[in-house]
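[1] 3D model of this:
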Amino acid sequence: MGAAVARAVRNFNLENRAEREISRMKPSPAPRHPSTKNLLREQMSSHPEIKGEIDRKDDKLLSLLKDVYVDSQDPVSSLQVKDAGTHQKPKEFRLPKDHQFDMMNVKNIPKGKISVVEALTLLNKHKLYPDTWTAKKIAEEYHLEQQDVNSLLKYFVTFEVKIFPPGDKKAIQSK
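    Sure, this is the predicted structure:
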């Protein structure tokens, strides 16, 4: 029903609207620069055949233009192609084994600062041996302030991967 209404509105008074558009005055070309105007006037006066050539329709070119047939189709959108294909598993991010956190090869680290590798190392040491690697010992070892080390140990933790044996897993029974 909606398509029929839309078609009726679109085709309403179509011929009169088309006729009005055709008979409307066409826009005039942009004004030319005075120096260009003078050059064009000189060329037209010295070569009057140019004016006739500009206004003349070339029948050969018109016939060639009529023979042109354009057949186009909308390209398949990339979204449709992705949906049609099988869903891929997300790729797992892995660092190369020979470049673990050593992307920029930082040589000089000022006192009071640590690299990512050192931060992970001290967090792991504190996690594995909290009695020996206390906040005070870490602060002395890495030349850090005690307050910064306390905050580091409190707010940053390394990930712990737990692998559950298949016997302990409670499986949902399918019906």
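[2] show me where this structure has helices.
    2-11, 14-23, 34-46, 49-55, 59-67, 78-84, 116-128, 135-142, 146-155 (DSSP state H).
[3] Output the lowest mean pLDDT helix or strand found in this structure.
    helix 78-84 (a mean of 52; mean pLDDT, DSSP states H and E).
[4] worst average pLDDT in the helices of the chain?
    Out of the helices of the chain, helix 78-84 stands lowest, with a mean of 52 (criterion: mean pLDDT).
[5] circling back: switch the helices of the chain over to JSON lines; also include distance to residue 166.
    (Glycine included, C-beta is placed from N, CA and C.) Below are these laid out as JSON lines (distance: least, C-beta to C-beta, whole Å):
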{"stretch": "helix 2-11", "distance to residue 166": "58"}
{"stretch": "helix 14-23", "distance to residue 166": "74"}
{"stretch": "helix 34-46", "distance to residue 166": "86"}
{"stretch": "helix 49-55", "distance to residue 166": "87"}
{"stretch": "helix 59-67", "distance to residue 166": "73"}
{"stretch": "helix 78-84", "distance to residue 166": "35"}
{"stretch": "helix 116-128", "distance to residue 166": "27"}
{"stretch": "helix 135-142", "distance to residue 166": "39"}
{"stretch": "helix 146-155", "distance to residue 166": "35"}
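[6] Tell me which of the ones you listed approaches residue 107 most closely.
    helix 116-128 (12.7 Å; C-beta to C-beta).
[7] Ramachandran coordinates for residue 26?
    Main-chain torsions, residue 26, degrees, to the nearest 10: phi -80, psi 150.
[8] Numbering from 58 from now on, please.
    Renumbered: residue one is now 58, and that last one reads residue 83.
[9] what separates it from residue 200, distance-wise?
    For residue 83, the distance to residue 200 (C-beta to C-beta, to the nearest Å) stands at 81 Å.
[10] do residue 185 as well
    Counting by C-beta to C-beta, the gap from residue 185 to residue 200 is 22 Å.
[11] Kindly report the same for residue 221.
    41 Å.
[12] Which one's more surrounded, the two?
    Under the criterion of other C-beta atoms under 10 Å, the comparison of residue 221 against residue 200 puts residue 200 first, with 12 against 7.
[13] wait, isn't that one in contact with residue 169?
    Yes: contact criterion C-beta atoms under 8 Å: residue 200 and residue 169 qualify, at 6.1 Å.
[14] tally of neighbours for the closest residue to residue 205 other than its chain neighbours?
    In space, and not counting its chain neighbours, residue 205 is closest to residue 196: 7.8 Å by C-beta to C-beta, 6 or more residues apart in numbering. By other C-beta under 10 Å, 18 other residues sit near residue 196.
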